[in-house]
Each structure stands twice: as structure tokens, then as C-alpha cells.
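# Based on what follows, work out the 3D shape:
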Amino acid sequence: MARWKADRKEATRRRILEAAAHLFRERGYASTSVSDVMEHLGLTVGGFYAHFESKEALLSEVVAESMVRTRDVLLLGLEQVEGIAFVREVTQRYLSRFHRDHPEHGCVLPTLAAEVGRHGSGPREAVEQYLREMTDLLAKKASPRFDAFSAEEAALALTALSVGGILLARAVKDEALSDTILETCRRFAVAEPARR
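Okay, here's the model as predicted:
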């Protein structure tokens, strides 16, 4: 009986985490209340605090979980791919119309990074960890592209370009301009630098 209760509690916690991740990406953190998350699941607000200390603690876990999901989607089938081919494929996946048009299924950085910066250290640490893990992964697979930058610096720049590209592509009204932002960022990411 105790095991069943523990399993049920963990399943409910997982559902709350998944609902929050979806709603935070779709509406934003500030525009989503604990009540919204619980109502989405047909649960009471009081039940939330049996699983999470606060909405901010929930945000921290949403960000941490997102790293795993984003990594799995971005790197699926790319185990043997490296260098410019790897960068090309990852940026095609990340800087895509689907990712632009469906923030509820995508990376949390373009949707939540600005909001996280206004909150406590827990969510900011989660974003920092996410960013470090993502750039570490990219640095190992993408060869250094510019002599003046280390692999880690190039990976950080590629991450910033990709996140910023999605953010701006979502922010403009003109779909043609939005598409151009995505395409230009993808092309820039794989452009061969001029040799001196």
C-alpha cells in the first residue's frame, strides 16, 4: 500500500511538472499561475504544495527537465556526426519553423530565459546549468570554427545565436521576416570564416 501511494505521488508530481513545462512555454512563467497548472490537470491548488515548495522551485525543475528533452531531440541520430555537418544539422533542427511555431514543445531558453533573470537564484542556477551542459555538448561535437575562439567559446556563441534567432523569429509579425531570421541564423552558423 505504501509503495502504491509513493508511485501515485510520483506520477502526480510528474504530471504537474509536464503541465507546467507546457504552460510556461506556451504562456510564459509570469502569465501562468499555480492555479492554472493544477486546473489544467483537474487538481486542486492545495495539492501542489505536497509536490513542490513553490512556483519558483517548479520553474527550476522545468528548466532542468528541458535540458534532457532538448538534448534528446537535437542530438537524436547524430552520434557519429561531427564538425560542420553536426552544426548544420543541429541548427536546422533548432532554428526551424516547427520550433518557432510550437514553443510549448521546444527549448525553454527562448521562452523563459528573460523571465528567469527576474527571479531567484534557483531558476537562474538551473538555466546556467542548462547553458553549460548544452555548450559542453556542442563544443565536443563541433570543431572550433574560428582561430580566435576556443571550442567552448564557439559553442556558447552558437547557442546564443540559436536562442536569439528563435526568440526574434517568434517576436516579429511578418512571417517572411521571421523565416529570413531563421534562415540567416542557420547560414551564419555554418558559414566558413575568411582565412587571414
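
# do you know how far Pro123 is from Glu26?
18 Å (Cβ to Cβ, to the nearest Å). In this view, the C-beta of every residue, glycine as well, is placed from N, C-alpha and C.

# neighbour count winner among these two?
Taking other Cβ atoms under 10 Å, Pro123 and Glu26 do not tie; Pro123 has more neighbours (26 against 14).

# Just list the residues touching the more buried one, thanks.
Glu56, Leu59, Ser60, Val63, Val116 (Cβ atoms under 8 Å, 6 or more residues apart in numbering).

# thought the fourth one was touching Glu133?
No. Applying Cβ atoms under 8 Å, one finds Val63 not in contact with Glu133, separated by 11.1 Å.

# burial of Arg69, as a residue count?
14.

# Give me the three-state assignment for it.
helix (DSSP: H, G, I helix; E, B strand; the rest coil).

# right, and the helix or strand after the lengthiest helix in the chain?
When the chain is scanned for its longest helix (criterion: DSSP state H), the result is helix 2-27. Using DSSP states H and E, the helix or strand that follows helix 2-27 towards the C-terminus is helix 34-41.

# Quick check: buried residues in the helix or strand just after that following helix?
The helix or strand immediately downstream of helix 34-41 is helix 45-48, counting by DSSP H and E. Neighbour counts over helix 45-48 (16 or more other Cβ atoms under 10 Å) mark Phe48 as buried.

# and helix 45-48, how far from the chain's centre?
Offset of helix 45-48 from its chain centre (Cα atoms, centre = their mean, to the nearest Å): 26 Å.

# Thank you, goodbye.
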